[in-house]
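Enquirer: Please find the sequence and the predicted model below.
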Amino acid sequence: MLLVKRPEALDAAFVPDSLRLREKEIHAIEQNVILPLRGGNSSLMMVYGPSGVGKTTTMKFIQKSLGDVAVLYENAIAHTSMRQVLLDSLNRLGRINPSLFLSYDSIFGYLNRYQARTSKKILLIVDEARNCLRSDPEGLRILSKAHETFGTSMSVIFVSIENPLNFVPGITGNLGILFSTQRFRPYDVEELYSIVMERCRIALVDEAYDEVIVRYIAGMAEQFGSARVAIELLQKAAHIAEYTNSDTIGSDDVRAARAMINPFFTESKLGELDINELIMLWTICRCIGHGVRTNVTCVSRMLADTAQSFGVGPGKGMNVYRVLKRLENMGLVESRIMGMGDRKGVKKVIEINDLPVSVLSEKIERLIRRLS
């Protein structure tokens, strides 16, 4: 069944028409960079934050939304100098393959002629900027003084994962650079839920998803605080569900997607478990079934029946919580405290996220039968 109606909306490079949850950051960029630039004042901003928190998407959104400013976006991950960044920018403006030895006077001369021809001021966005910031502090100083030295109306936004204050030599001292900073914080689980739900509405048919599966994806991505991880989980889960001709995305599709993104699971982990631990893990799989999670109550209640079905019994004095902790430490299960709503308090819930439960169950069953 066709579940994906707009595949491009599940791509990491997709830029939506409205960018929710980053309004505060966009406003700060407008106030500190864009409005001063429109008024003839150049400025420099350092944008930083962990991977997947919307930095690049926000920069592309700004590039998409500004019509009166020439926005030059450069991914500088392979660059070690500001000169290389500027030369790539000239290429985008139509100056094909300028010499690598072009002086700064000549580079800014080209930019000034472009501004005179278009009457547009320039906003240069340098993404993945860590290498060139660290390697070329003098180039950074030259860029920061472009208006004063060369008469170029240009502001610059540098984007990196780490705060440039931590790795640019002399940035707050002898370089004499004035700049503002904007930190992008990780998303929380409710924000991830909102992002995934919005992407579902854009990209998928209505029958392909429900609130439970969207919350499962958001919860799985919460440890990273990353919209990129959440959207990639959704993308892969949707394609897996389509491939298996499912009517909707299921929890095992999401687990299979996570296994593709983070293939941490190995057969050797199961090989380290004794018979009681294997039986408990199989019981957890049985309790989860086609759902998202289970709880300690279900596992404790079904443990004896599971053992009996294999013709073995859990060891005397087996401590469910101790075994669960070992399974957690090995990365085979994840557990957390979750509110149950309706004043029912909280429960310890258990999830298996790195591998489809159906696949894991088969592996465990083969091992149990070999050992019993």
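Expert: That came in fine, so what should we check first? Residues are numbered from 1 along each chain as shown.
Enquirer: ok but residue 155 is inside a strand, no?
Expert: Yes. Under the criterion used here (DSSP: H, G, I helix; E, B strand; the rest coil), residue 155 sits inside a strand.
Enquirer: That one reaches residue 37, doesn't it?
Expert: Yes. Because the distance of 4.5 Å satisfies CB atoms under 8 Å, residue 155 is recorded as touching residue 37. All C-beta atoms are positioned from the backbone trio N, CA, C, and that covers glycine.
Enquirer: of these two, who's got more company?
Expert: Between residue 155 and residue 37, residue 155 has the larger neighbour count (other CB atoms under 10 Å), namely 26 against 21.
Enquirer: who touches both of residue 155 and residue 37?
Expert: Common neighbours of residue 155 and residue 37 are listed as 43, 121, 123 (criterion: CB atoms under 8 Å, 6 or more residues apart in numbering).
Enquirer: Listing partners with orientation, what would you give for the helix or strand encompassing the last one?
Expert: What it means is residue 123. Using DSSP states H and E, the secondary-structure element containing residue 123 is strand 121-127. The strands beside strand 121-127 in its sheet (DSSP bridges) come out as strand 69-75 (parallel), strand 154-160 (parallel).
Enquirer: So which bits of stretch 165-173 are buried?
Expert: The neighbour-count check on stretch 165-173 (16 or more other CB atoms under 10 Å) flags 168, 171 as buried.
Enquirer: what's next to that stretch, contact-wise?
Expert: The list of residues contacting stretch 165-173 from outside it, by CB under 8 Å, 6+ apart, reads 46, 130, 133-134, 137, 140, 164, 175, 177, 179, 181.
Enquirer: what do you get for stretch 108-122?
Expert: Contact partners of stretch 108-122, identified using CB under 8 Å, 6+ apart, comprise 37-38, 40, 68-70, 72, 89-90, 93, 95, 98, 146, 149-155.
Enquirer: gap between that stretch and the chain center?
Expert: Between the centre of stretch 108-122 and the centre of its host chain there is 36 Å, according to CA atoms, centre = their mean, to the nearest Å.
Enquirer: got the CA positions of that stretch in PDB?
Expert: Taking Å, rounded to 0.1, in the frame of the first residue of the first chain, the C-alpha atoms of stretch 108-122 are listed here in PDB:
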ATOM      1  CA  PHE A 108      35.600  42.000  -2.200                       C
ATOM      2  CA  GLY A 109      36.000  44.100  -5.400                       C
ATOM      3  CA  TYR A 110      33.900  41.500  -7.200                       C
ATOM      4  CA  LEU A 111      31.300  41.500  -4.300                       C
ATOM      5  CA  ASN A 112      31.100  45.300  -4.400                       C
ATOM      6  CA  ARG A 113      30.400  45.200  -8.100                       C
ATOM      7  CA  TYR A 114      27.700  42.600  -7.600                       C
ATOM      8  CA  GLN A 115      26.100  44.800  -5.000                       C
ATOM      9  CA  ALA A 116      26.200  47.800  -7.300                       C
ATOM     10  CA  ARG A 117      24.600  45.800 -10.000                       C
ATOM     11  CA  THR A 118      21.800  44.300  -7.900                       C
ATOM     12  CA  SER A 119      21.400  46.800  -5.100                       C
ATOM     13  CA  LYS A 120      21.400  43.900  -2.700                       C
ATOM     14  CA  LYS A 121      23.300  43.600   0.500                       C
ATOM     15  CA  ILE A 122      24.900  40.200   1.200                       C
END
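Enquirer: for the record, mean pLDDT for it?
Expert: Stretch 108-122 shows a mean pLDDT of 94 in the predicted model.
Enquirer: Please apply the same query to stretch 59-73.
Expert: Per-region confidence: stretch 59-73 scores 94 on mean pLDDT.
Enquirer: got it, and stretch 154-171?
Expert: Mean pLDDT, stretch 154-171: 89.
Enquirer: Straight-line length of it, end to end?
Expert: For stretch 154-171, the first and last residues are 20 Å from each other (CA to CA, to the nearest Å).
Enquirer: about what we covered before: next, format the strands paired with strand 121-127 as TSV and append distance to residue 305.
Expert: As requested, those are arranged in TSV below (distance: least, CB to CB, whole Å):
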stretch	distance to residue 305
strand 69-75	56
strand 154-160	54
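Enquirer: Kindly report the domain assignment for the protein.
Expert: With automatic domain parsing serving as the domain definition, the record reports that the chain contains domains spanning 23-183, 187-261, 267-371.
Enquirer: between those, which gets the lowest average pLDDT?
Expert: If those are sorted by mean pLDDT, domain 267-371 sits at the bottom with a mean of 85.
Enquirer: Show me what the stretch of helix or strand residue 27 belongs to is packed up against.
Expert: When secondary structure is defined by DSSP H and E, residue 27 falls within helix 23-29. Contact here means 3 or more CB pairs under 8 Å, 6 or more residues apart in numbering; DSSP states H and E; on that basis helix 23-29 packs against strand 44-48, helix 55-65, strand 180-183.
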